[in-house]
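# Sequence and predicted structure below; questions after.
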Amino acid sequence: MNKTLNRPIRVLVAKVGLDGHDRGAKVIATSLRDAGMEVIYTGLRQTPEMVVNTALQEDVDAIGISILSGAHMTVFPKVIDMMNQKGLTDVLVTGGGIIPEADMKKLQGIGVGELFPPGTTMKDIVTYIENWVVEHRNF
């Protein structure tokens, strides 16, 4: 549990679309759990609607989307749009995978948080989520 919160951080780890490679998502989920977070892993082939609905039902602090399929410029905007429609504006949307730097900047411009390429340390990801949640969802 994060020492500056009186509760564990809740993170939804999601694989959206037809991308069937989930080893990285499972490694992330395990690492976040090992860091004291409560992790909900959606499994493969989720739609943006399914991810946002699960985030609402599970009252998560953050959504982490793992994407290797190249569909990031479709998936992240759909998730952000659905979250805005449902009033889920205080939840971090982050993620990682194969995302070009220029696309990362565009996605961050629409409200996506930090995006992590392959090779990012687990410590960096954990620290980023912890710091974001303490700053934006400290209740």
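Ah, there it is. Numbering: from 1, shown residues only.

# Show the residue spans covered by the strands in this structure.
In the chain, the strands defined using DSSP state E lie at 10-15, 38-41, 62-67, 92-97, 115-116.

# what sits opposite the spatially most central residue of the chain in the beta ladder?
In the chain, the centroid-proximal residue (C-alpha atoms, centre = their mean) is G64; its distance is 1.4 Å. Beta-bridge partners for G64, by DSSP bridges, are V13, T94.

# quick one: it and L12 touch, right?
Yes - taking C-beta atoms under 8 Å as the definition, G64 is a contact partner of L12 at 7.0 Å. Yep, even glycine has a C-beta here, placed from its N, CA and C like the rest.

# Out of the helices and strands in this protein, which is least certain?
Scoring the helices and strands of the chain by mean pLDDT, DSSP states H and E places helix 23-34 at the bottom, with a mean of 92.

# Which secondary structure elements does that helix sit against?
Contacting helix 23-34 under the criterion 3 or more C-beta pairs under 8 Å, 6 or more residues apart in numbering; DSSP states H and E are the following elements: strand 10-15, strand 38-41, strand 62-67, strand 92-97, helix 122-136.
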